[in-house]
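Chemist: could you look at this predicted model? Sequence included:
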Amino acid sequence: MKDISVKQFLQDVKSGNIDLNDFFSGVIEKCEVIQEKYDAFITLLEKLQAPRSKGKLYGLPLSVKDNICTKNIQTTAGSKILEGYIPPFDATAIDRTRNEGAVIIGKTVMDEFGFGTFSVNSTYGIPKNPLDLDRTCGGSSGGASCLTSAADFPHVALAESTGGSISCPAAFTGTVGLTPTYGLVSRWGLIDYANSLDKIGCIGKNVYDIALLLSAIAGNDSHDSTSLSVPKQDYTKYLTKDVKGMKIGIPKEYFEGVNENISKIIWAAIKKLEDEGATYKEVSLPHTQYALPSYYIIAVSEASTNLAKYAGMRYGLHMALQGNFDEYFSTVRSNGFGEEAKRRIILGTFARMAGYRDAYYLKALKVRTKVIEDFKKTFKKFDVLAAPTMPVVAPRFDEIEKLSPIEVYMMDILTVAPNLAGIPMISVPAGEVNGLPIGLHLMGDHLEEKKILQVSHAFTKT
Amino acid sequence: MDYWKIDKELVKRVADNSRLKLTDEEIAKFTKQLSDILSTFKKLDEVNTKDVKPSFHPQEMKNVLRDDKAEEWEWEPLANTKHKENKYFKGPKIV
């Protein structure tokens, strides 16, 4: 079985040059090897379902982050409290990819409910970076980026971002990650972390692959009241254009505290885009420094209400029915949630408590307005913004162990603002520092996926 | 009142409200960690948000209503529970 591009594979399947049964046996074997080496999966399927149609993704292996519900396939969101949960339905994003003929191969590892930056907060194994086994794949979609980086067969990954959970793992593994505009992809069937921030998106080996997957999953869904009324479209058609005349803004705050070698690579990337015909100018987004506290307060507030439903009654972890309901629920929740989940539940409950709500939650939502206004003003003058995705290269696990919770949160400093504003973003590989990949982060205005796809494609094709 | 301070009693109270049982060590650890987090988040006070509207979503959202028609939905509600009796969920004691 040769490693060919997704594009080539889909053409070959269509023209009958590939026997799908043989191909899938090969894929399962390869995934078993990857699982053994890197721990990318929570659930690796032993038997694959036949493609539902001969659509645009006919026969294409698809991995799914484990917080997206898959009918008859265990879905845990990385948490012990959902162990054994078998959804009776497919999420809309799953239904749409299966309608196009994609084939689910397994569910990928993630930080519990998306609570993390390195995928170390999972009950089901920690994915190791295929480029250096002592290092993280990033998080929280670490299994998705791990598999995408390791796979020597055509594959795309469905992932999800709340505050950077697609961009970060893509940057750390040298893959391409797309976080769409909030509301472009239906959240029906996504296990909520923070409803006003969660976005289902894609991780792939190149820009074409993510544009293709986005074309399948985007578009209005009546099951999700926050889903935008946007017609379906083929996003791959934007990949033929060059960047001549494109105006790129360079937010200066996004280079503060960034490793110098990383800044150099990002500036080289900007010059390269200039050589291709784009123009650039430095800009200021003055509320950037406030995005992190605003993001975390909103995210944990929403998370703490979302996690209230896990009580060991209807699905997931069950324990012996002892004591009254308060005692039973407390026992199940104390056993089922990991440490970071408990920390965020407490912080979120605190931020919404009478007497504190205005100072924390409401204040954070007002600061969010200021962060959004910064972006909206900037996009009146620029087509895209370019910055480093992460301030550091993928850290080693022994370095991660030494970090305090607030030090871990600070790692999200460059990704939280665009996530808070719900604007689309793509991380593409821009170079290496000591053999470790660096991500260039391209951000666009709401629903301007086409522009960031166009620039990412132009940047990566040469 | 300093909103950005948290102590062990408050952590314990919030944990009880959240139906989480914490050990004394966990309470001590969380109090320290949450204090570190809040002292960093205090920065929000620097932003003048007078007359600024809160953003509950990234873009303004409108209420979406559908016709009041039942949809077919085939599934077995009790399929994922271990605590059931006859056709009912079986829960812990209420009183």
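Modeler: Sure, I can see it. Values in this document were obtained by computation on a predicted structure and should not be read as measured data.
Chemist: what parts of the stretch 1-150 of chain A come near chain B?
Modeler: Residues of the stretch 1-150 of chain A found near chain B (C-beta under 8 Å from any C-beta of the partner chain) are A:84-86, A:88-89. Any C-beta I mention is one placed from the backbone N, CA and C, and that applies to glycine too.
Chemist: quick one: which of the residues you listed has the most company?
Modeler: Neighbour tally across those (other C-beta atoms under 10 Å in any protein chain shown): the maximum, 18 neighbours, falls on A:Tyr85.
Chemist: and A:Val64, what does it touch?
Modeler: Taking C-beta atoms under 8 Å, 6 or more residues apart in numbering or on different chains, we find A:Val64 in contact with A:70, A:94, A:104, A:106-108, A:157-158.
Chemist: these in helices, which ones?
Modeler: Using DSSP state H, A:Ile94 are the members of these that sit in helices.
Chemist: out of the contacts of A:Val64, which comes closest to B:Glu85?
Modeler: Set against B:Glu85, the nearest of the contacts of A:Val64 by C-beta to C-beta is A:Thr70 (29.2 Å).
Chemist: which stretch of helix or strand covers A:Pro169?
Modeler: Per DSSP states H and E: A:Pro169 is located in helix A:167-173.
Chemist: CA atoms of that helix as CSV?
Modeler: In CSV, the C-alpha atoms belonging to helix A:167-173 read as follows (Å, rounded to 0.1, in the frame of the first residue of the first chain):
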residue,chain,number,x,y,z
SER,A,167,-4.2,25.2,16.0
CYS,A,168,-1.9,24.1,18.9
PRO,A,169,-1.7,20.4,18.0
ALA,A,170,-1.4,21.2,14.3
ALA,A,171,1.5,23.6,15.1
PHE,A,172,3.3,21.1,17.3
THR,A,173,3.1,18.2,14.8
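Chemist: any part of whichever helix or strand comes after that helix near chain B?
Modeler: Counting by DSSP H and E, the next helix or strand C-terminal to helix A:167-173 is strand A:176-179. No - using C-beta under 8 Å from any C-beta, we find that strand A:176-179 stays clear of chain B, coming within 11.9 Å at best.
Chemist: list of residues touching the next helix or strand after strand A:176-179?
Modeler: Per DSSP H and E, strand A:176-179 leads on to strand A:199-204 as the next helix or strand towards the C-terminus. Strand A:199-204 is contacted from outside by A:6, A:68, A:91, A:93, A:141, A:144-145, A:148, A:156-162, A:166, A:169-170, A:175-182, A:184-187, A:190, A:209-210, A:213-214, A:217, A:419, A:422, using C-beta under 8 Å, 6+ apart.
Chemist: name the strands paired with strand A:199-204 and say parallel or antiparallel.
Modeler: When pairing is defined by DSSP bridges, strand A:199-204 lines up against strand A:156-161 (antiparallel), strand A:176-179 (antiparallel).
Chemist: thinking again about what came up before, for chain B, state which of the contacts of A:Val64 is nearest.
Modeler: Nearest to chain B out of these is A:Thr70 (C-beta to the nearest C-beta; 13.9 Å).
Chemist: in a markdown table, list the contacts of A:Val64 along with neighbour count and pLDDT.
Modeler: Below are those laid out as a markdown table (neighbours: other C-beta atoms under 10 Å in any protein chain shown; pLDDT from 0 to 100):
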| residue | neighbour count | pLDDT |
| --- | --- | --- |
| A:Thr70 | 24 | 98 |
| A:Ile94 | 26 | 98 |
| A:Ile104 | 21 | 98 |
| A:Gly106 | 26 | 98 |
| A:Lys107 | 29 | 98 |
| A:Thr108 | 33 | 98 |
| A:Ala157 | 33 | 98 |
| A:Leu158 | 28 | 98 |
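Chemist: what's the neighbour count on the nearest residue to A:Phe23 once chain neighbours are set aside?
Modeler: The shortest distance from A:Phe23 to any non-neighbouring residue, by C-beta to C-beta, 6 or more residues apart in numbering or on different chains, is to A:Met1 (6.7 Å). Residues lying near A:Met1 (other C-beta under 10 Å) number 13.
Chemist: sounds good, over and out.
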